[in-house]
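Novice: Sequence first, predicted model second:
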Amino acid sequence: MVEDPKGEPSFNYNTTINIPLNLTVLDKKSNVVSGATVLVYDENNNILFQGVSDSSGKVTGTLTVPTSVGNITIDISIGGESISQYVSLDSVLGINRTIRYEVNLPATQIADTDSDGVPDDTDIYPNDATRSTEVTYPAEGVFTVAFEDSYPSAGDADLNDYVIQFKNKEDLNSSGKIVRLKGTYQHVAKGAGYRHQLFIKLPVDVGASITYKLTQADGKVEVATNTVSVTAANLKSGYQIFDDSNKTIRGQNVHPGDVFKPGFVATVEIVFNAPVERAKLGSFPYDLYAYVLNTKQEIHFPGLYKNNNGTDKYLDNTGFPWAILVPGAWKYPYEKYDIRKDSESGYSEFNLWVSSGGKEYKTWYYDVTNESKVFPVPSDSSLLGYLFLSVKKFAIFYAMGLVIAGGIAVYFLRKKQSLVA
Ligand SMILES: [Ca+2]
Ligand SMILES: [Ca+2]
Ligand SMILES: [Ca+2]
């Protein structure tokens, strides 16, 4: 039974979408099935979610994917019997499904060394009952966040005042709760006179232990690895990732002819004192924000805070944001080039993307249409790309598991069904 809510999400310059996932697994006799492993992955086998059905047969979570992802696959597996459902994300706002097995489920025991409910062959941490999977944002490479720092005044839309490349990794337990959150952040541009700091707010109800390290781009240590305990209140009020932006980069990296000088790299690992629900933590990129020292203003992504009259606090009166998230090592505009003006923009698809409400030209940021208008940020020399070597571990791991299953896999694949009750 498919009851996926459909519609168009409100457009606020978002390049990723959060899709709630609610599944119920039933057997042939419509009894609920607990202990079924649910795995969700995208077109490139990047894992988006993993969980195990509870005593009510339910699995809940949230998928966070770039809006350009067209299809995902949901695999449900128990006792060697699997069902795959291929889901087009076109106009999908959520995934609400009841999935029924049409075969008798075998009573076979599958090896689960740590007894967390996730079989060894799909458990990223087969000897750690507190964790069973990891999700990386993005699966490969980095995201870029670009801030306009004049808030609450409208910016000039050159989107280079304070630019950070980053990626995050979550460890989830078998209930889909987040046990650990890791982030790596690199300062890449400062096209501004103002000074900034980078923070993250996590509105969770538990404290955490945070391990932090700060290095220069070449790895030279600025702040040695250290671990501190923080309270839930600390996490709610904001944890500082970077201090004064004047001190975390040696060049502005925004003018034609500037030799790119990558800035400092911060590595943050947050281990929560108890697993946290997605609804509490929020979804990638979480509440990552800049604090402008000169104006004492915080600058957040749209979609998180409202004014008293109900409008978005971080969209200006023309509907433009002060913070934009872009997949990849984004080539932001040169100084004073307004991305919205055809004569100044390096991205002719940007306005088309905006006027379509985000439905068309979803990968505008990969298509530089005027190289003379954008800063040539290196795409592959980024340090961050090398800091998460586990990137595709799962995809490879999973593929190998299927290979090892060998002959019986063929048998099961033949029986593999996509029936919906
Ligand atoms: Ca396990
Ligand atoms: Ca485990
Ligand atoms: Ca600006």
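Specialist: Alright, I've got the coordinates. Numbering: from 1, shown residues only. Ligands and ions are numbered 1, 2, ... in the order given.
Novice: count of residues packed around the residue in the chain that ligand 1 sits nearest to?
Specialist: For the chain and ligand 1, the shortest gap (CB to the ion) falls at residue 123, measuring 3.7 Å. Backbone N, C-alpha and C define where each C-beta goes, glycine included. Residues contacting residue 123 under the criterion other CB atoms under 10 Å number 24.
Novice: That one and residue 117 touch, don't they?
Specialist: No. Contact status for residue 123 versus residue 117: not in contact, 9.1 Å apart, counting by CB atoms under 8 Å.
Novice: Now for residue 24: which residues touch it?
Specialist: Residue 24 makes contacts with 32, 53, 56, 57, 58, 59, 97, 98, 99, as judged by CB atoms under 8 Å, 6 or more residues apart in numbering.
Novice: 6 Å instead, please
Specialist: For residue 24, the contacting residues are 57, 58, 98, by CB atoms under 6 Å, 6 or more residues apart in numbering.
Novice: Can I have the buried ones of those residues as a ChimeraX selection?
Specialist: Of those, the buried ones can be selected in ChimeraX as follows, counting by 16 or more other CB atoms under 10 Å:
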select :57,98
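Novice: List just the nearest of the contacts of residue 24 to ligand 2.
Specialist: residue 58 (20.1 Å).
Novice: Chain neighbours aside, what residue packs nearest to the closest one?
Specialist: residue 24 (5.3 Å; CB to CB, 6 or more residues apart in numbering).
Novice: Buried ones in the strand or helix carrying that neighbour, by neighbour count?
Specialist: Element membership of residue 24 [criterion: DSSP states H and E] is strand 16-26. Using 16+ other CB under 10 Å as the test for burial, strand 16-26 gives 16, 17, 18, 19, 20, 21, 23, 24, 25, 26.
Novice: what's the helix or strand for the residue lying closest to the fourth one once chain neighbours are set aside?
Specialist: Meaning residue 19. In this structure, residue 19 finds its nearest non-sequential neighbour in residue 63, 4.5 Å apart by CB to CB, 6+ apart. Assessed by DSSP H and E, residue 63 sits inside strand 58-66.
Novice: how about the residues of the stretch 51-200 of the chain near ligand 1?
Specialist: When proximity is defined by CB under 5 Å from the ion, the stretch 51-200 of the chain lies next to ligand 1 at 112, 114, 116, 118, 123.
Novice: Helices along the stretch 301-421 of the chain, start to end?
Specialist: Assigned helices in the stretch 301-421 of the chain, in chain order: 350-355, 393-415 (criterion: DSSP state H, counting those that start in this stretch).
Novice: Around ligand 2, pick out the residues from the protein.
Specialist: Counting by CB under 5 Å from the ion, the residues of the chain that sit close to ligand 2 are 114, 116, 123, 125, 128, 132.
Novice: Which of those residues has the largest number of neighbours?
Specialist: Of all the residues of the chain next to ligand 2, the highest neighbour tally under other CB under 10 Å goes to residue 132, namely 28 neighbours.
Novice: For it, which non-adjacent residue is closest in space?
Specialist: Nearest one to residue 132, counting by CB to CB, 6+ apart, is residue 118 at 4.1 Å.
Novice: I figured the one you found was touching residue 174, is that so?
Specialist: Yes. Using CB atoms under 6 Å, residue 118 is in contact with residue 174, at 5.1 Å.
Novice: buried ones in stretch 101-116?
Specialist: By neighbour count on 16+ other CB under 10 Å, the buried set for stretch 101-116 is 101, 110, 112, 114, 116.
Novice: Run a quick neighbour tally on the residue lying closest to residue 276 once chain neighbours are set aside.
Specialist: Closest residue to residue 276 apart from its sequence neighbours, by CB to CB, 6+ apart: residue 204 at 4.7 Å. Counted with other CB under 10 Å, the neighbours of residue 204 add up to 21.
Novice: again, but for residue 224
Specialist: Counted with other CB under 10 Å, residue 224 comes out at 9.
Novice: Nearest residue to it in space, please, no chain neighbours.
Specialist: residue 213 (6.9 Å).
Novice: Please identify the helix or strand for the one you found.
Specialist: strand 208-215.
Novice: Give me the pLDDT for residue 190.
Specialist: pLDDT, residue 190: 97.
Novice: shouldn't it be in contact with residue 252?
Specialist: Yes. Residue 190 lies in contact with residue 252 (CB under 6 Å); the separation is 5.3 Å.
Novice: Please say which of these two ends up with more neighbours.
Specialist: Using other CB under 10 Å, the more surrounded residue of residue 190 and residue 252 is residue 190, with 24 against 15.
Novice: can you tell me which residues contact that one?
Specialist: Neighbours of residue 190 in contact, by CB under 6 Å, 6+ apart: 245, 249, 252.
Novice: Could you do residue 4 as well?
Specialist: By CB under 6 Å, 6+ apart, the contact set of residue 4 is 92, 95, 96.
Novice: Go through the residues you listed and name the one nearest ligand 3.
Specialist: Nearest to ligand 3 among those, with distances taken as CB to the ion, is residue 92, at 34.9 Å.
Novice: sorry, back to before: now pLDDT too, for the contacts of residue 24, in TSV please.
Specialist: Converted to TSV, the contacts of residue 24 look like this (pLDDT from 0 to 100):
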residue	pLDDT
57	94
58	95
98	96
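Novice: just to revisit the earlier point, common neighbours of residue 118 and residue 174, please.
Specialist: 52, 132.
Novice: the more surrounded of these two?
Specialist: Using other CB under 10 Å, the more surrounded residue of residue 118 and residue 174 is residue 118, with 27 against 24.
Novice: elements contacting whatever helix or strand residue 188 lives in?
Specialist: Assigned by DSSP H and E, residue 188 falls within strand 178-189. Contacts defined by 3 or more CB pairs under 6 Å, 6 or more residues apart in numbering; DSSP states H and E place strand 178-189 against strand 162-172, strand 265-276.
Novice: strand partners of the shortest one, parallel vs antiparallel please.
Specialist: Strand 162-172 pairs in its sheet with strand 133-137 (antiparallel), strand 143-147 (antiparallel), strand 178-189 (antiparallel), by DSSP bridges.
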